[in-house]
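J.: let's see this in three dimensions:
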Amino acid sequence: MNQKEKVVAGLLGILLGSLGIHKFYLGYTKEGVIMLLVSLLTCGVGAAVMGVIGLIEGILYLTKTDEDFDITYVQNHKGWF
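T.: Alright, predicted model coming up:
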């Protein structure tokens, strides 16, 4: 992934983290579905928790170097944090 994709993933995590959109963007379908279902099936109560997780992950994405991001999330497919 290049710098632009890392920034997009980070911003999606920060802005739409409760829906798991950043997970879908990175190709983590299972994790994205989990976040989306928790947010929807709890009538929004779980969305707060998923939103915090998305915020943390978005910040982590943006603060990693391009190389670290690529190794961690693209090559090693680390699905959570």
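J.: and residue 78, helix, strand or coil?
T.: coil (DSSP: H, G, I helix; E, B strand; the rest coil).
J.: how about it, what does it touch?
T.: residue 72 (CB atoms under 8 Å, 6 or more residues apart in numbering). The C-beta positions use only the backbone N, C-alpha and C, and glycine is treated the same way.
J.: that one and residue 41, how far apart?
T.: 25 Å (CB to CB, to the nearest Å).
J.: show me where this protein has its helices.
T.: 3-16, 21-26, 29-41, 45-63, 66-69 (DSSP state H).
J.: the third one versus helix 3-16: what angle between them?
T.: It stands for helix 29-41. Here helix 29-41 runs at an angle of 20 degrees relative to helix 3-16 (axes from the mean of the first three to the mean of the last three CA atoms, to 10 degrees).
J.: who's sitting farthest from the centroid in the protein?
T.: Largest separation from the mean C-alpha position in the chain: residue 43, at 20.6 Å (CA atoms, centre = their mean).
J.: what is the burial count for residue 7?
T.: 12 (other CB atoms under 10 Å).
J.: quick check: phi and psi on residue 64?
T.: Main-chain dihedrals, residue 64, degrees, to the nearest 10: phi -80, psi 150.
J.: any weak-confidence spans in this protein?
T.: Judged by pLDDT under 70, the chain has its weakly predicted residues at 1-2.
J.: can you rerun that using 80?
T.: 1-4, 81 (pLDDT under 80).
J.: just to revisit the earlier point, deepest of the helices of the chain, which one?
T.: Burial of the helices of the chain is given as mean neighbour count (mean count of other CB atoms under 10 Å); helix 21-26 ranks first at a mean of 21.
J.: OK, contacts around the spatially closest residue to residue 21 that is not a sequence neighbour?
T.: Spatial nearest neighbour of residue 21, chain neighbours left out: residue 12 (4.8 Å); criterion: CB to CB, 6 or more residues apart in numbering. Residue 12 sits next to 21-22, 25, 58 when contact means CB under 8 Å, 6+ apart.
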